[in-house]
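> the sequence isn't on hand, but the structure is:
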């Protein structure tokens, strides 16, 4: 199997659906944009900032930067950070006795030196990225859109892995955000005293596979203590699964990256046979929001994983957090 890195010039075009497409977008001139902050009459609007690097999403949340779910950075910093601190997908592809590591939508990291084609497609309401790995004969596709007309705000992320070959593959995948903001952490505190405020971080609801991220109390210099009910959440599921069970979430960053604190590589995941952590640290650290899945991928078939990253008024919001009981 050849592993030759390709470096192609970007191509700009409109497709038949009126979507603006950039082929080889990681090599194109950088640009930034926002999703429309529209959620219908009854929904909660969400701002989503994206750039044409990595997996594109560079920040999102509700109301303002002080209620970010993924920390907002200005465009010039987002161009530098989106590839490492934005959404990531780590895949081990097994065929027979051979296992190959692949990280799609990147160009200069471990697991990216394949013959491949990348494309970014934008419409007024969503964004799709696609990588065709010609060496492995696999395609990874991610589609993003915001959820309208619900009592909670959410960014929906649909990841599809497609087998274009005549082989059967075993797939082991970790997907999601290396860093997620707990609700109650303001933009100023995140940028100026992020280590100190980790002492107030708490992740709840992990056993039900729908982690709920929040600060225990409001961080201020007032004598009264005000507890926080609101929170940010994340969960993933296989839409084709009959039982509707949620995927296993990973909220402890070091369980994946080990000593690679710069997120340049999932060092612990790559070290050997990865085992889903039976226990995870759920407080006093900046958490992650990543899901773990293993599945077989037959020839000419595909598997889709859907994840929601959002905001809820409280931990008991029945419409979303009861999914773990099904």
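In hand now; what should we look at? Source: prediction; values computed, not measured. Residues are numbered from 1 along each chain as shown.

> now do stretch 222-229: distance to the chain's middle.
Remark: stretch 222-229 is offset 31 Å from the chain centroid, using CA atoms, centre = their mean, to the nearest Å.

> I misspoke; the intended subject was stretch 301-319.
For stretch 301-319 - counting by CA atoms, centre = their mean - the centre lies 12 Å from the chain centre.

> quick check: buried residues in that stretch?
Across stretch 301-319, burial judged by 16 or more other CB atoms under 10 Å covers 303, 305, 306, 307, 308, 309, 310, 311, 312, 315, 317. To be clear about C-beta, it is placed using only N, CA and C from the backbone, and glycine gets the same treatment.

> which parts of the stretch 1-150 of the chain are helices?
Ranges of helices in the stretch 1-150 of the chain, per DSSP state H, counting those that start in this stretch, are 75-85.

> okay, now the unreliable bits of it?
For the stretch 1-150 of the chain, the stretches with pLDDT under 70 are 1-7.

> which residue ranges of it form strands?
Using DSSP state E, counting those that start in this stretch, the strands of the stretch 1-150 of the chain run over 11-14, 20-23, 32-34, 47-51, 57-61, 68-70, 88-95, 98-102, 116-122, 126-133, 138-146.

> could I get those as CSV with mean neighbour count and distance to residue 276?
CSV is the format used below for those (neighbours: other CB atoms under 10 Å; distance: least, CB to CB, whole Å):
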stretch, mean neighbour count, distance to residue 276
strand 11-14, 10, 40
strand 20-23, 17, 36
strand 32-34, 14, 35
strand 47-51, 23, 29
strand 57-61, 26, 25
strand 68-70, 25, 24
strand 88-95, 20, 14
strand 98-102, 16, 18
strand 116-122, 20, 29
strand 126-133, 20, 25
strand 138-146, 21, 22
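
> nearest to residue 161, out of those strands?
strand 138-146 (5.8 Å; CB to CB).

> and the following helix or strand past that closest one, which strands flank it?
Remark: after strand 138-146, the chain's next helix or strand is strand 153-163, criterion DSSP states H and E. Strand 153-163 has the following sheet partners, assigned by DSSP bridges: strand 138-146 (antiparallel), strand 302-312 (antiparallel).

> Serialize the buried residues of stretch 301-319 to TSV and add fields for distance to residue 270.
Output for the buried residues of stretch 301-319, formatted as TSV (distance: CB to CB, whole Å):
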residue	distance to residue 270
303	22
305	20
306	26
307	22
308	27
309	25
310	30
311	33
312	34
315	34
317	37
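
> which two in those are spaced the farthest apart?
Taking CB to CB, no two of the buried residues of stretch 301-319 sit farther apart than 303 and 315, at 30.4 Å.

> circling back to that earlier point, the strands paired with strand 153-163 into TSV, with extra columns for distance to residue 27?
Shown next, in TSV, are these (distance: least, CB to CB, whole Å):
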stretch	distance to residue 27
strand 138-146	18
strand 302-312	27
